[in-house]
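S.K.: Make a model of this:
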Amino acid sequence: MRIYLVAGELSGDILGAGLMRALKDRHPDIEFRGIGGPRMQAEGLTSLYPLETLSVMGLVEVLRHLPGLVKVRRHLKRDALAWQPDVMVGIDAPDFNLGLELALRDRGIRTAHYVSPSVWAWRQGRVKKIARAVDAMLTFLPFEADFYSEHRVPVAYVGHPLADELPLTNDRRAARESLGLDTEMPTLTLLPGSRSSEIQFQGEIFLRAALGLRDRLGALQVVIPAASPERRRELDALLARAPELADNVTLIEAQSREAMVAADAVLLTSGTAALETLLCHRAMVVAYRMAPATYWLAQRLVKTRWISLPNLIAQETLVPELIQDAVSAESLVDTLLPWFEDAGQRQALELRFAEMHAALQRGASERAAEAIDSLVRDGRLAPDAAA
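M.R.: Alright, predicted model coming up:
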């Protein structure tokens, strides 16, 4: 069996690697080709471009990179048609992958898309293109599957691989000990983003918020996991301009989940990090800033009430969300403080997150692999794969 996989960022690399392992269990002689990061490459992917090639954030920012992205997509189309995979699976990155999926499906290659774009939240008209581009949509969340079923797009609700991967119980003290932290001191974990542009927009404000929170609490230790060596260098440069925080900050590479579990609360940008924090059962504040022009466009296009996955999954406001001009060091301190001062409120949220975690555990990678198998075998989703 030959599978063409295209992932666009770190979260896609994690998801792709899990899917590849599940497929290898079914087909030991399987081959993989496309774009992926170190995890997918370790599972046997031949990657034609670095993972970061598709990691462009924002509606306006993409325009600057558009000629290069179009060139990459044309190359991948030629390469896939020459290689003739049994199925092409786009992993997230919908603005890039759906166009590639459509082009390949028109040429007779079966296609699937793993991770639903937020079509239920904005630009709902995209579902018509999705219906033309994919033989199957693989979704993480039940309300996403309902949306596609209503629009007659073949869909399989597989659950979330991270929910399967992370344990239903964890140990805050043990996590702090593993990171060399004080086990009793109030602990804040900062996750300013995995992209350079996110560090640019949020990094300094997050650090000033940590400083303000320390002053309000009297004592605070701060953990910042860098998503990559490049992000570490950028964070080091920011910390060099904030020497008053030097004794309070532990900057680490990777180990983001340990940092989440160690925290009393997490300050993060929206995205997969919010879901991971939920699955680590930790209180959080979600804050997001972007280029002004991108925000102007997003305001007019986005129809959903919430931006963070914990609130979207629950369909209620469980965690505070601050966006654009609402994000300041002062507002972040005020929003974070209750999680540190009200242990009962924090513990109630941790229990709610544990219950949500259990509901999302469905064996996602195996279910996704079964869906891919049914496409190759039958040319459509089998009923058990679509359940």
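S.K.: buried sites along stretch 244-260?
M.R.: Leu245, Asn248, Val249, Thr250, Gln255, Ser256, Arg257, Glu258, Ala259, Met260 (16 or more other C-beta atoms under 10 Å). In short, each C-beta sits where N, CA and C put it, glycine included.
S.K.: Setting the sequence-adjacent residues aside, check what's closest to the fifth one.
M.R.: It stands for Gln255. For Gln255, ignoring the flanking residues on the chain, the nearest one in space by C-beta to C-beta, 6 or more residues apart in numbering is Pro225 at 5.5 Å.
S.K.: The third one now?
M.R.: Distances taken as C-beta to C-beta, 6+ apart place Val222 nearest to Val249, at 4.7 Å, with adjacent residues excluded.
S.K.: For that neighbour, list each beta-bridge partner.
M.R.: Under the criterion DSSP bridges, Val222 forms beta bridges with Leu188, Val249.
S.K.: Tell me the helix or strand right after the helix or strand encompassing Leu69.
M.R.: Taking DSSP states H and E as the criterion, the element that holds Leu69 is helix 59-83. With elements assigned by DSSP H and E, the helix or strand that comes after helix 59-83 is strand 87-91.
S.K.: And for that next one, what's in contact with it?
M.R.: Contacts to strand 87-91, defined as C-beta atoms under 8 Å, 6 or more residues apart in numbering, come from residues 3-8, 12, 15-16, 19, 34, 80, 96-98, 100-101, 104, 109-115, 135, 372, 375-376.
S.K.: re the thing from before, would CSV of the buried residues of stretch 244-260 with distance to Ala291 be doable?
M.R.: CSV is the format used below for those (distance: C-beta to C-beta, whole Å):
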residue, distance to Ala291
Leu245, 27
Asn248, 30
Val249, 27
Thr250, 31
Gln255, 30
Ser256, 25
Arg257, 30
Glu258, 32
Ala259, 28
Met260, 28
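S.K.: Those: which two are farthest apart?
M.R.: Leu245 and Arg257 (23.2 Å; C-beta to C-beta).
S.K.: per-residue pLDDT, Leu318?
M.R.: pLDDT for Leu318: 97.
S.K.: Count the residues that sit near the closest residue to it other than its chain neighbours.
M.R.: Leaving out its chain neighbours, the residue that sits closest to Leu318 by C-beta to C-beta, 6+ apart is Pro310, at 5.2 Å. When neighbours are counted by other C-beta atoms under 10 Å, Pro310 registers 23.
S.K.: separation between Pro310 and His75?
M.R.: 38 Å (C-beta to C-beta, to the nearest Å).
S.K.: same question, Ser47
M.R.: Counting by C-beta to C-beta, the gap from Ser47 to His75 is 13 Å.
S.K.: on that earlier part again, and the contacts of strand 87-91, which are buried?
M.R.: 3-8, 12, 15-16, 19, 34, 80, 96-98, 100-101, 104, 109-115, 135, 372, 375.
S.K.: State the distance from the residue nearest in space to the middle of the chain to Leu138.
M.R.: Compute the mean C-alpha point of the chain, and by C-alpha atoms, centre = their mean the closest residue is Thr272, 2.7 Å away. From Thr272 over to Leu138 the distance is 16 Å, taken as C-beta to C-beta.
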